[in-house]
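Undergrad: Quick one: sequence and predicted model below, then my questions.
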Amino acid sequence: MIHSFRHLSVRLWLTVGLGGIASLWLLPAWQMAFGIQSAVLPAIVIIAISFWLVGVAFNRIGQGVIHRTISEAAVWERAGMAAEAKDAYRKAVAVFESFLFSPLARKRQSRNLMSRLARFYSARAEKEPESDDVVMAYLSVYPMDKVVAESWLESLVHRRKASRIHHELAARIGEYHPNSVKIQYYLSRFFLDSGRVDFPALQAYRFFFSSKVKTVQTMLFDLSSLLLSEGRTDQWALSIYLRTVKQHGNEPGFLRIIAASAHFLQSTEQTQPLLAAAAEITRDMPPEEIAAAVRQYSPPNARTPVRQKESAVLTSVHHLRDLDKLGKRAMGAAGRSFDRFTALSVAMGRGIGRSKYSLPVLKWALGAGLALGVVFLIVNTVSHVATSKSVTQAPEPVPEMAPPVPTTDQFTIQVAAYFKQADAQRFVDQLKTHQLDAYWKAAESAQKKWYQVRVSHFATKQAARQYGNKLKSSGVIDDFYVANYDAP
């Protein structure tokens with residue numbers, strides 16, 4: 001916003017100066033031909049043309065300087081002189097941030113400049129905080145740039161610590177490139193290292209692990225361990241378990257969940273190969289062990305797309321859509337009013353000089369129009385504020401959910417699992433802000449250790465599922481499954 005004010009301030013001052021000089025040169029000749037009373041309209045035209053010419057000159061100068069500076073930076077880059085190229089790009093940014101560009105010109109120029117900067121910083125071997133900030137700022141606006149997205153995700157995989165902003169941007173890039181094997185590979189690796197099993201992570205896993213890339217095998221065990229820690233027993237999870245056992249051997253933990261998944265999976269033409277493979281692998285398991293595995297794990301939760309209430313986010317989207325429609329109607333009304341005002345001004349300009357009453361009538365008409373405009377704006381503003389208050393009322397708060405008083409301690413709900421204890425503790429702290437009885441518990445396999453985030457304890461599986469569905473529909477958690485309760 002401050003750039004627009006600076007541009008308009010300088011532009012208006014130069015407009016007044018140039019328009020004043022042009023008026024001193026042109027208006028005397030007009031006065032001699034048509035009289036001084038008719039000089040209002042040409043004066044307005046001179047000021048308008050001067051304002052337009054100053055804007056065009058500013059934009060052309062700024063574009064020329066940025067183009068030359070970027071070309072200079074490209075030469076330094078090809079020569080391997082990164083410091084000089086960086087200085088050249090900084091000069092280009094300084095010109096872009098100056099008063100030379102109008103708001104529309106800034107919008108047109110920004111993508112080219114941001115794209116060059118993002119590519120420059122992505123190609124640098126030495127990563128700096130400034131580099132990551134520039135690339136992330138560019139991708140947050142243009143996540144469809146596949147080249148820069150691949151480079152950033154590759155560096156993200158090797159990052160020691162990723163913030164919430166990194167996770168959100170990575171998920172957004174995945175939405176824009178759902179069929180890119182390379183991008184989905186980096187996303188899968190990043191999500192696996194973070195222990196994520198939410199919707200964006202599962203979408204990346206499903207796409208990438210359905211491809212026939214050789215590097216899949218190096219990540220297969222990590223994904224299986226993560227799904228095992230979540231207790232997932234759906235069809236896709238079963239296919240991952242079977243591939244892992246085929247590659248790494250019959251580990252007891254995988255055999256038990258394979259037996260449970262096969263028990264829950266319905267027999268269809270599509271699932272017959274999976275069920276046959278599961279039966280072959282678990283043929284030596286005792287029946288009582290299979291029964292214990294079935295009791296230990298829960299069947300896949302049914303997905304119910306119907307929602308009882310709109311979320312606050314969806315309500316906000318509706319409000320923004322209504323405001324957008326209101327803005328379009330206001331712009332249309334303003335455009336029609338401007339056309340009428342222009343026609344009226346031309347007609348009045350032609351009539352000036354023909355009557356000695358023209359100038360007083362013009363003054364009174366302009367004054368009355370200004371007064372009516374102010375009254376209209378006040379009335380419209382008051383009515384819009386009143387309407388906005390009724391439209392943008394805060395959504396009903398989610399009722400405080402206290403965990404039911406359990407009669408026994410047999411079951412609990414697991415809502416997430418992480419490979420890092422700090423991530424699990426962070427999510428537990430977040431859940432406790434909703435007055436939930438949350439805690440984490442460590443679990444281990446032969447090669448991995450993870451931290452399960454769980455909430456409360458219940459007497460029956462039905463009570464646990466009802467409570468988990470309540471948390472999920474309120475947006476507190478993304479997903480859950482019922483597990484056996486083990487006191488922390």
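TA: Here it is on my side, so go on. Numbering: from 1, shown residues only.

Undergrad: ok, Leu27 to Pro488 distance?
TA: Using Cβ to Cβ, to the nearest Å, one obtains 87 Å as the distance from Leu27 to Pro488. For every residue, glycine as well, the C-beta is placed using N, CA and C.

Undergrad: These two: who's more crowded?
TA: The neighbour count for Leu27 versus Pro488, taken as other Cβ atoms under 10 Å, is higher for Leu27 (15 against 10).

Undergrad: So Thr268 versus Phe120, what's the distance?
TA: 53 Å.

Undergrad: Run through the protein and note the low-pLDDT ranges.
TA: By pLDDT under 70, the low-scoring segments of the chain are 1, 31, 33-39, 125-129, 212-217, 301-409, 445-447.

Undergrad: Domain map for it?
TA: Taking automatic domain parsing as the reference, the chain has its domains at 1-125, 126-296, 411-484.

Undergrad: which residues in the stretch 351-488 of the chain form strands?
TA: Under the criterion DSSP state E, counting those that start in this stretch, strands of the stretch 351-488 of the chain are mapped to 411-418, 438-444, 449-458, 481-484.

Undergrad: Partner strands of the first one, with direction?
TA: If you go by DSSP bridges, strand 411-418 pairs up with strand 449-458 (antiparallel), strand 481-484 (antiparallel).

Undergrad: cool, and the second one?
TA: Each strand that strand 438-444 pairs with, and the sense of that pairing, follows from DSSP bridges: strand 449-458 (antiparallel).

Undergrad: Deepest-packed of the strands of the stretch 351-488 of the chain, please.
TA: Burial of the strands of the stretch 351-488 of the chain is given as mean neighbour count (mean count of other Cβ atoms under 10 Å); strand 411-418 ranks first at a mean of 24.

Undergrad: re the thing from before, more neighbours: Thr268 and Phe120, which one.
TA: More crowded of Thr268 and Phe120, by other Cβ under 10 Å: Phe120, with 22 against 10.

Undergrad: Run a quick check on Ala260 versus Gln296, I expect a contact.
TA: Yes. With contact defined as Cβ atoms under 8 Å, Ala260 counts as touching Gln296 (6.8 Å).

Undergrad: With the flanking residues excluded, which residue is spatially nearest to the spatially most central residue of the chain?
TA: Per Cα atoms, centre = their mean, the C-alpha nearest to the average position across the chain is that of Arg172, at 5.8 Å. Spatial nearest neighbour of Arg172, chain neighbours left out: Pro143 (5.2 Å); criterion: Cβ to Cβ, 6 or more residues apart in numbering.

Undergrad: and the one you found, helix, strand or coil?
TA: Look at Pro143: counting by DSSP: H, G, I helix; E, B strand; the rest coil, its state is coil.

Undergrad: burial of it, as a residue count?
TA: 20.

Undergrad: and if you look at Arg108?
TA: 12.

Undergrad: In a helix, it, correct?
TA: Yes. Counting by three-state DSSP, one finds Arg108 located in a helix.

Undergrad: Quick check, Ala443 in contact with Ser229.
TA: Yes. Counting by Cβ under 8 Å, Ser229 is a contact partner of Ala443 at 5.9 Å.

Undergrad: shared neighbours, the two?
TA: Ala417, Trp450, Gln452 (Cβ atoms under 8 Å, 6 or more residues apart in numbering).

Undergrad: distance of Asn179 from Ser188?
TA: Shown here: Asn179 relative to Ser188, a distance of 14 Å by Cβ to Cβ.

Undergrad: Ignore what I typed, I meant Ile46.
TA: According to Cβ to Cβ, Ile46 and Ser188 sit 64 Å apart.

Undergrad: What of Gln430?
TA: Taking Cβ to Cβ, one finds Gln430 at 25 Å from Ser188.

Undergrad: the more surrounded of the two?
TA: Between Gln430 and Ser188, Ser188 has the larger neighbour count (other Cβ under 10 Å), namely 26 against 14.

Undergrad: in which helix or strand would I find that one?
TA: Element membership for Ser188 (DSSP states H and E) is helix 181-194.

Undergrad: just checking, what packs against that helix?
TA: Under the contact definition 3 or more Cβ pairs under 8 Å, 6 or more residues apart in numbering; DSSP states H and E, helix 181-194 sits against helix 146-157, helix 164-176, helix 199-209, helix 216-230.

Undergrad: Okay, angle between it and helix 199-209 too, please.
TA: 130 degrees (axes from the mean of the first three to the mean of the last three Cα atoms, to 10 degrees).

Undergrad: In helix 181-194, which residues are buried?
TA: Ile183, Gln184, Tyr185, Tyr186, Leu187, Ser188, Arg189, Phe190, Phe191, Leu192, Asp193, Ser194 (16 or more other Cβ atoms under 10 Å).

Undergrad: how near is the fifth one to Glu154?
TA: For Leu187, the distance to Glu154 (Cβ to Cβ) stands at 11 Å.

Undergrad: what's the overlap in contacts for the two?
TA: Contacts common to Leu187 and Glu154, judged by Cβ under 8 Å, 6+ apart, are absent.

Undergrad: OK, contacts around Lys472?
TA: By Cβ under 8 Å, 6+ apart, the residues touching Lys472 are Asp478, Asp479, Phe480.

Undergrad: which among those gets closest to Asp423?
TA: Asp478 (14.4 Å; Cβ to Cβ).

Undergrad: any idea how far the closest one lies from Lys472?
TA: Using Cβ to Cβ, we find Asp478 at a distance of 7 Å from Lys472.

Undergrad: do Asp132 as well
TA: From Asp132 over to Lys472 (counting by Cβ to Cβ), the distance is 34 Å.

Undergrad: same check, this time on Ile281
TA: With Cβ to Cβ as the criterion, Ile281 and Lys472 are 33 Å apart.

Undergrad: quick one, phi psi at the spatially closest residue to Trp76 that is not a sequence neighbour?
TA: The shortest distance from Trp76 to any non-neighbouring residue, by Cβ to Cβ, 6+ apart, is to Ala85 (3.7 Å). Per-residue torsions, Ala85: phi -60, psi -40 (degrees, to the nearest 10).

Undergrad: neighbours around Ala85, how many?
TA: Using other Cβ under 10 Å, Ala85 has 21 other residues around it.

Undergrad: ok now do Gln203, which residues does it touch?
TA: So Gln203 contacts Gly174, Pro178 (Cβ under 8 Å, 6+ apart).

Undergrad: can we see that at 10 Å?
TA: Ala171, Gly174, Glu175, Pro178, Gln184, Leu187, Ser188, Phe191 (Cβ atoms under 10 Å, 6 or more residues apart in numbering).

Undergrad: How much space separates it from Ser188?
TA: Between Gln203 and Ser188 the distance, using Cβ to Cβ, works out to 10 Å.

Undergrad: Please enumerate the shared neighbours of the two.
TA: Gly174.

Undergrad: Looks like Trp52 contacts Leu14 (just checking).
TA: No. Counting by Cβ atoms under 10 Å, Trp52 stays clear of Leu14, with 11.8 Å between them.

Undergrad: Which one of the two is surrounded by more residues?
TA: Between Trp52 and Leu14, counting by other Cβ under 10 Å, Leu14 is the more crowded of the two (17 against 12).
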